[in-house]
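>>> Just need the structure, nothing else, for what follows:
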Amino acid sequence: MNDTPDPDPTAVADRIAERREQLGLTEDALAHRAAMAPQYLRHLLVAGPAFDPGGFVRIAAALGTSREELLEGRADAPPGRGAPGPRPRLLDLTDAECWELVGTHGIGRIALPVRPGPAVYPVNYVVDHATFAYRTSEHAATAPEPGAEVSFQVDRIDEYLGRGWSVLALGSVAYVDDPEELHRLDGLPGAAPWAGGDRPRWVRIRPAEISGRRLVTG
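Below is the predicted model of the structure:
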């Protein structure tokens, strides 16, 4: 017995329309590529994949994608493709709420003051005594000059509910050089760099200001 729920026909039809428009195809042209009558294509878009699974295989092939991507969406799609939740509103977060949300470690984005304009990079961080710290290599783009003023952002979005939060820290960076501090940081959960390789340089961001907002609905 298969307990997996059938895909939502409307969501699948929206993905097909989006892909079709990307390729500059009309519905009739897509039907021709999929070797089916235009009327039957329109019927499938309403009836959904459960009505004719093989027909959606042909539609996917005509669109240069897979049936799984049409039915479930891209697994690596960027966030924010869903619709907003009902009656959305933004609430300001306190400093304590900000630190609670960012937790002990995770993935954030550091914005660096470089030319010709600010550059933003994802890094995995640890929280240590009300600072953010991350590992990088000596001459990497994520190794700013000591004392540089930067911003650091951590956020989370729940696309299904249309809710989320964002925390922004503003402050300066410093390198950690004390051997005991380095040893302690290396042992913290989340300290291992996701990018791999030799990244011996610990960069610490000491926020002068931290703020955040939560998106709620309903």
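
>>> switch to C-alpha atoms for all contacts and neighbour counts from now on
Noted.

>>> Packing partners of the strand ranked longest in the chain?
As assigned by DSSP state E, the longest strand anywhere in the chain is strand 201-216. Packing partners of strand 201-216 (3 or more Cα pairs under 8 Å, 6 or more residues apart in numbering; DSSP states H and E): strand 89-93, helix 95-102, strand 132-136, strand 163-175.

>>> How about residues contacting the first one?
Right, the one you point to is strand 89-93. Strand 89-93 is contacted by residues Ser211, Gly212, Arg213, Arg214, Leu215, Val216, Thr217 when judged by Cα atoms under 8 Å, 6 or more residues apart in numbering.

>>> Please pick the buried ones from those residues.
When neighbours are counted using 16 or more other Cα atoms under 10 Å, the contacts of strand 89-93 contain these buried positions: Ser211, Gly212, Arg213, Arg214, Leu215, Val216.

>>> Farthest-apart pair in the residues you listed, please.
The most widely separated members of the buried ones among the contacts of strand 89-93, counting by Cα to Cα, are Ser211 and Val216 (16.7 Å).

>>> Check the closest residue in space to Phe152 that isn't next to it in sequence and give its pLDDT.
Residue nearest to Phe152 in three dimensions, not counting chain neighbours: Ile110, with 4.5 Å by Cα to Cα, 6 or more residues apart in numbering. Ile110 carries a pLDDT value of 95.

>>> host element of Ile110?
Assigned by DSSP states H and E, Ile110 belongs to strand 105-112.

>>> Can you list the buried residues in the helix or strand that comes right after that strand?
As assigned by DSSP H and E, the chain's next helix or strand after strand 105-112 is strand 119-127. The neighbour-count check on strand 119-127 (16+ other Cα under 10 Å) flags Val120, Val123, Asn124, Tyr125, Val126, Val127 as buried.

>>> need those in TSV with pLDDT, can you?
Shown next, in TSV, are the buried residues of strand 119-127 (pLDDT from 0 to 100):
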residue	pLDDT
Val120	93
Val123	94
Asn124	94
Tyr125	96
Val126	96
Val127	96
